[in-house]
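>>> Output the structure for:
(one chain, ligands or ions: 1)
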Amino acid sequence: MGQFLELYSEAFSIAMVVLLLCLSLRILYSCWISPTQRYQKLRRNGFKGPTPSFPLGNSREMAKKKGEYSSLGSSKSPGHDIHSMVFPYFAQWQKSHGKVFIYWLGTEPFLYVADPEFLKKMSGEVMARSWGKPTVFKNDRDAMFGKGLVMTEGDDWVRHRHVITPAFHPTNLKVMASIMVDSTTRMLDKWSTLINSGRPEIDIEREITTTAGEIIAKTSCGVSNESGRNVFHKLRELQMTLFQTNRFVGVPYSKFLCPKKALEAKRLGKEIDRLFLSIITDRQKTIKEQPASNDLLGLLLQGSRVDGRPVKTLTPRELVDECKTFFFGGHETTALAITWTLLLLAVHPDWQNQLRDEIREVVEDKEIDVSKLAGLKKMGWVMNEVLRLYPSAPNVQRQARGDIQVDGLTIPNGTNMWIDVVAMHHDPALWGDDVNEFRPERFKDNGIYGGCKHKMGYVPFGFGGRMCIGRNLTFMEYKIVLTLILSKFSFTLSPTYTHSPSILLSLRPQYGLPLIVQPLQTN
Ligand code: HEM
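Reported below is the predicted structural model:
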């Protein structure tokens, strides 16, 4: 017996040593050998960039530059030259390495691209289904997007996009207009009450974000007030948890460096999944009895039934991820586009008046008729110009799923891409000397490219086959919300506003947007 125990403990010790050795080799490989090999391959291919240190890559330098900006960057008056405010490290590196270079988040190489011609050639080499999304972000944001459309790849992406695209058809979106009108009207009634009680200063960012959250809760999966608010709060909490202490993206095993954050994100993610799953199963149960509902989830559920029988499309688990994707991707981006618009209109009262005149002409003081929204041309230019100066989605990401050739250079398989939308939208070489001025009329005769010298230089909704699927929903919501606000109120910038655009996944005003709001004088 004693001999057996001795043999057993010897075998156990050997197994432990082998296990530790394997673990150390694995850590050594992921932290050192693999990144060094990739670094050398990129350099051999002619890609330069700031020198990384392992295992943090360039993250420390980025955090330092960001910190320097935070102590200097904000100002009282809104200047629109924001690239060096939001991405001070990229602005600095561009000076020494040009518009295409490699930088490192932890041990992950990122190809930085702010050159539209390079972007055109690179995207011309790859079909939409063959693009990947950076694995580091997929892992980091799993609780938020799961395997929803934003993060899927290959055949799965084709299937998801194929099933979801019809739901965003303008005919389906039209019936959502009344939800948008109702939610906005409720918000404006609240503004009237605030103004009447002597409080005309309103935090517009918070108001618009809440209303857009309510709109997306109803238009995406038909959830109204209480359950919608619940999901909305949980998603918001999750976003804060994930992005406020986001120092170690790309660093191997960084989950273990911030275990509290990782556990909290997991807990919130599971709670949100449970809420959505119960909404979806309830809807599936009632789909036979109830008439078709017109929200996105209802359309996806109807699409998955032919002659009353289910056909192979999206599973309940996949629908949960899509609902999360619509909910998150759909409300904040649109809310911020409206928020930045109200800032710009507050400092350009001439444009406030021009839009009001246009609304009077096109909508004629009647109830909003969706078919007339296309007639709000100037409002369209304003939206394009706002998304140029303050793109809600400040970057677009990809990952190479095979070697890509561009101008004789090889971008190796696995390289991540970071397309700097803010840089291209603020590049005087593409837009001219007035690049940092608010001039909506630049979109008047120049269509959706606004006179940009290169068609890939204006990409607020991304590019190629993976371009934003929700843009028509945004156009409609933007025009409805703005029409209702401008028809009732005028507004100016509050002296308490501090201009500090910053990134928390989306581009937002760091200290909110306080405006002084007044009811319009009726004649
Ligand atoms: C101002 C509003 C919006 C902006 C600026 C915006 C921006 C973007 C951008 C830049 C992308 C990435 C495109 C690419 O990778 O090339 C994207 C993708 C996506 N957006 Fe939007 N978006 C907005 C509104 C919406 C709305 C309202 C929804 C849905 C309700 C939505 C759902 C999605 C989805 C599902 C994708 C992934 C598409 C795919 O990979 O196939 N977005 N959006």
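
>>> what does this structure have sitting close to the ligand?
By Cβ under 6 Å from any ligand atom, the residues of the chain that approach the ligand are 149-150, 161, 325-326, 329-330, 333-334, 337, 392-393, 396, 460-463, 466-470, 473-474. For every residue, glycine as well, the C-beta is placed using N, CA and C.

>>> residues touching F475, list them.
Listed by Cβ atoms under 8 Å, 6 or more residues apart in numbering, the contact set of F475 reads 373, 380, 383.

>>> Can you get me a residue count around the first one?
The one in question is L373. Using other Cβ atoms under 10 Å, L373 has 20 neighbouring residues.

>>> Tell me who's in contact with it.
Taking Cβ under 8 Å, 6+ apart as the test, what L373 contacts is 475-476, 479-480, 483.

>>> ok so, going back, in TSV: the contacts of F475, plus secondary structure, pLDDT and distance to C31.
As requested, the contacts of F475 are exported to TSV (DSSP: H, G, I helix; E, B strand; the rest coil; pLDDT from 0 to 100; distance: Cβ to Cβ, whole Å):
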residue	secondary structure	pLDDT	distance to C31
L373	helix	95	53
G380	helix	97	50
M383	helix	98	45
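
>>> Closest one of the residues you listed to the ligand?
Ranked by distance to the ligand (Cβ to the nearest ligand atom), these are led by M383 at 8.4 Å.

>>> burial measure for the closest one, as a count.
Neighbour tally, M383, other Cβ under 10 Å: 23.

>>> For it, list the residues it contacts.
337, 341, 475, 478-479.

>>> can you check P316 too?
Counted by Cβ under 8 Å, 6+ apart, P316 has contacts 277, 280-281, 284.

>>> same thing but 6 Å
I280 (Cβ atoms under 6 Å, 6 or more residues apart in numbering).

>>> What pLDDT is listed against it?
Here, the pLDDT recorded for P316 equals 89.

>>> One more: I102?
94.

>>> Need the three-state assignment for it.
strand (DSSP: H, G, I helix; E, B strand; the rest coil).

>>> how would you label the spatially most central residue of the chain: helix, strand or coil?
Central residue of the chain (Cα atoms, centre = their mean): A393, 4.6 Å from the mean position. Here A393 is recorded as coil under three-state DSSP.

>>> Just give the closest residue to it, not the sequence neighbours.
T333 (6.0 Å; Cβ to Cβ, 6 or more residues apart in numbering).

>>> Could you give me the buried positions within the helix or strand containing that neighbour?
Applying DSSP states H and E as the criterion places T333 in helix 316-347. Neighbour counts over helix 316-347 (16 or more other Cβ atoms under 10 Å) mark 318-346 as buried.

>>> mind showing which ranges of the stretch 101-250 of the chain have poor pLDDT?
Applying pLDDT under 70 to the stretch 101-250 of the chain flags residues 225-228, 244-247.

>>> one more time with 80, if that's ok
Scanning the stretch 101-250 of the chain for pLDDT under 80 picks out 140, 222-232, 236, 239-240, 242-250.

>>> how about the helices of it, start to end?
116-124, 135-140, 142-145, 154-164, 170-174, 177-196, 204-221, 225-243 (DSSP state H, counting those that start in this stretch).

>>> Contact partners for the nearest residue to R466 once chain neighbours are set aside?
Once flanking residues are discounted, R466 sits nearest to A128: 5.2 Å by Cβ to Cβ, 6+ apart. Counting by Cβ under 6 Å, 6+ apart, A128 makes contact with 464-466.

>>> any idea which of the residues you listed is closest to the ligand?
R466 (4.1 Å).

>>> and the closest one, how many neighbours?
For R466, using other Cβ under 10 Å, the count is 19.

>>> Would you mind putting the contacts of F475 into JSON lines with distance to C22 alongside?
Formatted as JSON lines, the entries for those read as follows, by distance: Cβ to Cβ, whole Å:
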{"residue": "L373", "distance to C22": "61"}
{"residue": "G380", "distance to C22": "59"}
{"residue": "M383", "distance to C22": "55"}
